[in-house]
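Colleague: requesting a structural model of the entry that follows:
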Amino acid sequence: MVKLLKSGFHSTADVFDLRPLQLHPCVCICRGSQKEAVEVLQPVRCESGQERAAAGRLMAQELLEKDQELGTIFTFCSALDTALGGGLPVAKSTETCEAPGVGNTQLCIQLAVDAQIPMCFGGLGDKALYIDTEGSFLVQKAVDLDQAAVDHYGLLAEDAQQQEALKELTVETIFSTLVLVRYHDYVELLAEMYLLADFLAQHPEVQLVVIDSIAFLFHHCFVNLSQRTRLRNSLAQQLIQMATNRNVTV
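Modeller: From the prediction side, this is the model:
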């Protein structure tokens, strides 16, 4: 282990893909041998192989099939759904960048409603977590969008299953399953990211996380541009990892 550290190797990932002849010159600096290089690699590959097997290796076709199985959250805007390939992708992190006043918040509220559409209508039938950082969540706007969704699917209902689902699809039920959180500074938002995994584990029915907006708190709380960028990038990576590992749409 000391020889490996002195040669610049700090984790099993650093040596996993090396062959004994490639590792041999490195350990030889510390008076090692090719046989010793083989002995070093054997337990490392055994351990790393188990870890990789546990983590799983997916082929590209399997990833495609997984995406198709998970589906999308449609936006009720045909042009936008087409641009997104059918809607907002499930188990992915999607960032919208728009000029102020063009409807970003309305889109976010719309998606929080759409995530709750019953599966018999092509929806996910899940709950949503809405993180509001700007104070821009308007209750009346949400009520209007809820009512529009209820009216729309009331016209589409055909079979008995859809008619039955409509009994649970009301403005009241949609509102009662939408979790709303308000944060006022970036510290609260970053703290939420550490608590979010536990929250989602306790509430597996929550399959959509909306942050409106992720940039607002950082733009108004930081003078140091590089520090702001580092924190935002770190937050984005956490969200991507959470979306992938938990099949949660962000």
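
Colleague: residue ranges in this structure under the pLDDT threshold?
Modeller: Low-confidence segments of the chain (pLDDT under 70): 1-70, 221-223.

Colleague: got the domain ranges for this structure?
Modeller: Domains of the chain are assigned by automatic domain parsing as 2-55, 60-246.

Colleague: residue ranges of the strands in the protein, please?
Modeller: For the chain, strands defined by DSSP state E occupy the ranges 72-73, 88-89, 127-132, 178-182, 206-212.

Colleague: which helices and strands sit right next to the fourth one?
Modeller: On a contact count with 3 or more Cβ pairs under 8 Å, 6 or more residues apart in numbering; DSSP states H and E, strand 178-182 meets strand 127-132. All C-beta atoms are positioned from the backbone trio N, CA, C, and that covers glycine.

Colleague: now the domains of the chain in a markdown table, with mean neighbour count?
Modeller: Below are these laid out as a markdown table (neighbours: other Cβ atoms under 10 Å):
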| stretch | mean neighbour count |
| --- | --- |
| domain 2-55 | 14 |
| domain 60-246 | 15 |
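
Colleague: separation between D212 and G103?
Modeller: For D212, the distance to G103 equals 12 Å [Cβ to Cβ, to the nearest Å].

Colleague: so what's T133 up against?
Modeller: Shown in contact with T133 (Cβ atoms under 8 Å, 6 or more residues apart in numbering): R182, Y183, H184, L189, I211, D212, S213, I214, F216, L217.

Colleague: thinking the second one is in contact with L217, fair?
Modeller: Yes. Between Y183 and L217 a contact is recorded at 7.1 Å, counting by Cβ atoms under 8 Å.

Colleague: list the residues that contact both of these two?
Modeller: With Cβ under 8 Å, 6+ apart as the test, Y183 and L217 both reach T133, L189.

Colleague: quick one on the thing from earlier: want to try TSV for the strands of the chain, with distance to Q147 as columns?
Modeller: Converted to TSV, the strands of the chain look like this (distance: least, Cβ to Cβ, whole Å):
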stretch	distance to Q147
strand 72-73	19
strand 88-89	22
strand 127-132	17
strand 178-182	14
strand 206-212	20
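
Colleague: for V171, find the nearest of these.
Modeller: strand 178-182 (10.9 Å; Cβ to Cβ).

Colleague: the closest one vs strand 206-212, what angle?
Modeller: Counting by axes from the mean of the first three to the mean of the last three Cα atoms, to 10 degrees, strand 178-182 lies at 30 degrees to strand 206-212.
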